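> how does the following fold in three dimensions:
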Amino acid sequence: MPELCTLTKWLRLLSLILVMNFAMATVLLNGSSHVHYGGVKLLNMKDHRLDCGVTDISFKACIQKDLSRVFMSSKFSCIKSHCFQVIFNQNHASRRNPKISCFQDSATKYFDFVVIGSGVAGLRYALEVSKRGSVAVITKAEPHESNTNYAQGGVSAVLCPSDSVENHMRDTIVAGAHLCDEETVRVVCTEGPDRIKELIAIGALFDHGDDGNLHLAREGGHSHRRIVHAADMTGREIERALLKAVDDDPNISIFEHHFAIDLLTSQDESDIYCHGVDTLNTETQQVVRFISKVMLLASGGAGHIYPTTTNPPVATGDGVAMARRAQAVISNMEFVQFHPTALADEGLPIKPKKRRENAFLITEAVRGDGGILYNQSMQRFMPLYDEREELAPRDVVARSIDDQLKKRGEKYVLLDISHKPRQEILAHFPNIAAECLQYGLDITSMPIPVVPAAHYMCGGVQAGLHGETNIKGLYVAGEVACTGLHGANRLASNSLLEALVFARRAVRPSIDHLECSSLNTQDSNMWARPVLPLSLKSNTVQDIMLQTRVIRTELQSIMWEYVGIVRSTSRLKTAEWKIGELELEWEKFLFRRGWEPTMVGLEACEMRNLFCCAKLVVSSALARQESRGLHFTEDFPYLEESKRKPTIILPSSSLKVTWSSRQLHKQPH
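The predicted structure is shown next:
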């Protein structure tokens, strides 16, 4: 009788599958607008490939494949987990459109445009290109978890009659130590005001003054008030408005918790083309391939190559590393901006119970609004270093704080805004005030303990004036890109501005490429597929994860000790050697335990990317034999006009190639 019951279950299950298969076929072949089954509504959009998520992979084949597993196992979970699953993802797009997805390692999705990253650059671009086709936004965690969300200060733009584009350009170039590309600077400063107006039209709510006009703040390096802001949570407000607009756009689908593994490329003589990206769904542990003729890389920075950073945990340099492996040109990676004022937990009256994943940022606007820096003896020190005092650019302030800490043997300095009226402080900096107050610090009457922390990568994937790269079909915007705007040091609040301008400028060439490209992207099997470490024992995988975390901490320590705010040739060479040895040690550990080069896992892939970005920073720093902007070296302490040029890292087969730096999917020719 047990055998009969089991057989009955199999037959019922087979019936269910056949009905679902028929229903899906009806949607795909007859184009009916709605199909209901079992209380689930399947929506048929303009392109059926967006509905089922299986596109050119046969749904029927999926059913048959998994049906064979049923007759090898009496567990219903085999069908449930491998054949189909109704996704009610927590992202904005999928709440509107439940999708049937064939959760196989071979799952492939086709879109007109693919965007990697859900910060301001990625979302703004998606909203524009969605007018011309289907868009997939791939994001590593939740859609709001990006550097944009943590940007406190604001967006700089010329919106005051007493200000001018020339003033903004001059401030940008001076802060960038004259390494900025002047044409890029002019484009960004000229187009900035229109980008702000577009954000407002989309629904972003910025602070206004008593006169009804936008309240414009001033930050370090700016000669005028030109920072548009929403209290001290500007990034969060911009992200909210953009995500709301994306949520309302039927042509955009967000795929959250999808980690981008590697770009899919091909080469035709000297030209490289981008066709898509492989991702790891970190919730279902399935590999999903996205195919598209156009891709925007807007994945943010690499702050987590350092132990203390204001960046969220997702900022592990994935975009730069993927592009590097795909043969993209990389530029100016030596210019790592350390924000001078991150909250120093050691100086708080009540210490946090656990170490933060990312340091809490104390916005530049606090100094712009009159905040004063003191050492722990309450001696003001910025006048000793720069005539602009607390309003000097970030590189100057960070080095000044670093010098004070080393000379005095202290672990933090103090930033005091308490001399300003209480209500004014609370109105301008409510988020900072609330964060500090939960640890016993009232910023209206007490100074804030602060310390420099890794904050922003001025270098990245080299981009042209429209976000184009040397890889056809691949565009970049935001922190992952090196457009030439920032030069050797980013001017405060120019990052969100740059992201908005280049996201918009990349739209027209992206559409042109989509319409003109004759490359066939339908064959998704041109590239070998990454595999999950299913053949390894669970305790082996656990050991690999634990060791990877140890290696990650060691890499971060090396970067802070040898490639920090103040550098030297000997320390950089030591870092280069130590990182190489550490990478070799990690790879040997993995392979001795059965890890294979095609295997993927979140922590292992992040580690590869961190190694790649760390090595790019070190090699770029060694190449620049002068001190300029964020790169200060004791061996070449002066700025040299003859060396005022970008650091360019070209694809080169002569470089030592390790597993970490090798593209997982060999380019088909």
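
> correct me, but Ala427 touches Ala231?
Yes. In terms of C-beta atoms under 8 Å, Ala427 counts as a neighbour of Ala231; the distance is 7.4 Å. Where C-beta positions appear, they are placed from N, C-alpha and C, glycine not excepted.

> the more surrounded of these two?
Ala231 (21 against 13; other C-beta atoms under 10 Å).

> sec struct for that one, please.
Here Ala231 is coil, with the state taken from DSSP: H, G, I helix; E, B strand; the rest coil.

> contact partners for it?
Residues near Ala231 by C-beta atoms under 8 Å, 6 or more residues apart in numbering: Asp207, Ala427, His428, Phe429, Pro430, Asn431.

> what about the protein, any weak spots by pLDDT?
Residue ranges of the chain with pLDDT under 70: 1-106, 143-153, 519-523, 653-656, 665-669.

> figure out how far stretch 606-615 is from the centre of its chain.
Distance of stretch 606-615 from its chain centroid, counting by C-alpha atoms, centre = their mean, to the nearest Å, is 14 Å.

> residues in contact with it?
With contacts defined as C-beta under 8 Å, 6+ apart, stretch 606-615 is touched by 302, 304-305, 316-318, 320-322, 324-325, 333, 548, 551-552, 555, 558-559, 563, 576, 579-580, 582-583, 586, 659-661.

> mind listing which of those are in helices?
318, 320-322, 324-325, 548, 551-552, 555, 558-559, 576, 579-580, 582-583, 586 (DSSP state H).

> ChimeraX command for the buried members of the residues you listed?
What follows is the ChimeraX syntax selecting those of these that are buried according to 16 or more other C-beta atoms under 10 Å:
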select :318,320,321,322,324,325,548,551,552,555,558,559,576,579,582,583,586
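
> for the closest residue in space to Val165 that isn't next to it in sequence, phi and psi?
Counting by C-beta to C-beta, 6 or more residues apart in numbering, Val165 lies nearest to Cys189, which is 4.8 Å off, once chain neighbours are set aside. With angles defined as degrees, to the nearest 10, Cys189 sits at phi -70, psi -30.

> isn't Cys189 up against Asp163?
No. Shown here, Cys189 and Asp163 do not form a contact pair, counting by C-beta under 8 Å, at 10.3 Å.

> which one of these two is surrounded by more residues?
More crowded of Cys189 and Asp163, by other C-beta under 10 Å: Cys189, with 26 against 18.

> for the more buried one, give its distance to Arg662.
To Arg662, Cys189 is 40 Å away according to C-beta to C-beta, to the nearest Å.

> circling back to that earlier point, spit out the contact partners of the residue nearest to Val165.
Neighbours of Cys189 in contact, by C-beta under 8 Å, 6+ apart: Val158, Val165, His168, Met169, Thr172.

> what sits closest to the third one if chain neighbours are left out?
With C-beta to C-beta, 6+ apart as the measure, Cys189 is the residue that lies nearest to His168, at 4.3 Å, once sequence neighbours are left out.

> quick one on the thing from earlier: from the contacts of Cys189, which ones fall inside helices?
Assigned to helices by DSSP H, the following of the contacts of Cys189 qualify: Val165, His168, Met169, Thr172.

> can you confirm Glu191 is in a strand?
No. Counting by three-state DSSP, Glu191 is not part of a strand but helix.

> tell me how many other residues crowd the residue nearest to it when sequence neighbours are not counted.
Nearest non-adjacent residue to Glu191, counting by C-beta to C-beta, 6+ apart: Val501, 5.1 Å away. When neighbours are counted by other C-beta under 10 Å, Val501 registers 27.

> who's in contact with Val501?
Shown in contact with Val501 (C-beta under 8 Å, 6+ apart): Val187, Val188, Glu191, Gly192, Arg195.

> which of those has the largest number of neighbours?
For these, neighbours tallied by other C-beta under 10 Å; top is Val188, 30 neighbours.

> just the CA trace of whichever helix or strand Leu497 is part of, in PDB.
According to DSSP states H and E, Leu497 maps onto helix 494-505. Output in PDB follows, covering the C-alpha atoms of helix 494-505 (Å, rounded to 0.1, in the frame of the first residue of the first chain):
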ATOM      1  CA  ASN A 494      30.400  66.000  -7.000                       C
ATOM      2  CA  SER A 495      29.900  62.200  -6.900                       C
ATOM      3  CA  LEU A 496      26.100  62.100  -7.000                       C
ATOM      4  CA  LEU A 497      26.300  64.900  -9.700                       C
ATOM      5  CA  GLU A 498      28.700  62.900 -11.800                       C
ATOM      6  CA  ALA A 499      26.500  59.800 -11.500                       C
ATOM      7  CA  LEU A 500      23.400  61.700 -12.600                       C
ATOM      8  CA  VAL A 501      25.100  63.400 -15.600                       C
ATOM      9  CA  PHE A 502      26.800  60.300 -16.900                       C
ATOM     10  CA  ALA A 503      23.800  58.000 -16.400                       C
ATOM     11  CA  ARG A 504      21.900  60.400 -18.600                       C
ATOM     12  CA  ARG A 505      24.700  60.800 -21.200                       C
END
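
> next helix or strand past that helix?
Per DSSP H and E, the first helix or strand lying C-terminal to helix 494-505 is helix 507-516.

> so which bits of that following helix are buried?
Buried-residue list, helix 507-516, by 16+ other C-beta under 10 Å: Val507, Pro509, Ser510, Ile511, His513, Leu514.

> TSV for those, including distance to Val129?
Output for these, formatted as TSV (distance: C-beta to C-beta, whole Å):
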residue	distance to Val129
Val507	6
Pro509	11
Ser510	6
Ile511	7
His513	11
Leu514	8
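
> now the helices for the stretch 401-550 of the chain?
For the stretch 401-550 of the chain, helices defined by DSSP state H, counting those that start in this stretch occupy the ranges 422-428, 430-437, 494-505, 507-516, 538-562.

> can you list the ones you listed in TSV and add distance to Lys351?
Shown next, in TSV, are the helices of the stretch 401-550 of the chain (distance: least, C-beta to C-beta, whole Å):
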stretch	distance to Lys351
helix 422-428	24
helix 430-437	13
helix 494-505	31
helix 507-516	48
helix 538-562	21
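
> which one of the ones you listed is the most hemmed in?
helix 494-505 (a mean of 27; mean count of other C-beta atoms under 10 Å).

> how much distance is there from that one to the middle of the chain?
The answer for helix 494-505 is 14 Å, by C-alpha atoms, centre = their mean.

> show me where the stretch 101-250 of the chain has its strands.
Using DSSP state E, counting those that start in this stretch, the strands of the stretch 101-250 of the chain run over 108-110, 113-116, 135-138, 155-156, 216-217, 227-228.

> out of those strands, nearest to Asn539?
strand 135-138 (31.6 Å; C-beta to C-beta).

> list the contacts of the closest one.
Residues contacting strand 135-138 (C-beta under 8 Å, 6+ apart): 93, 109, 111-118, 122-123, 126, 129, 143, 246, 251-255, 258, 260, 277, 279, 290, 292.

> buried only: go through these for me.
The neighbour-count test (16+ other C-beta under 10 Å) marks 93, 109, 111-118, 122-123, 126, 129, 143, 246, 251-255, 258, 260, 277, 279, 290, 292 as buried among these.
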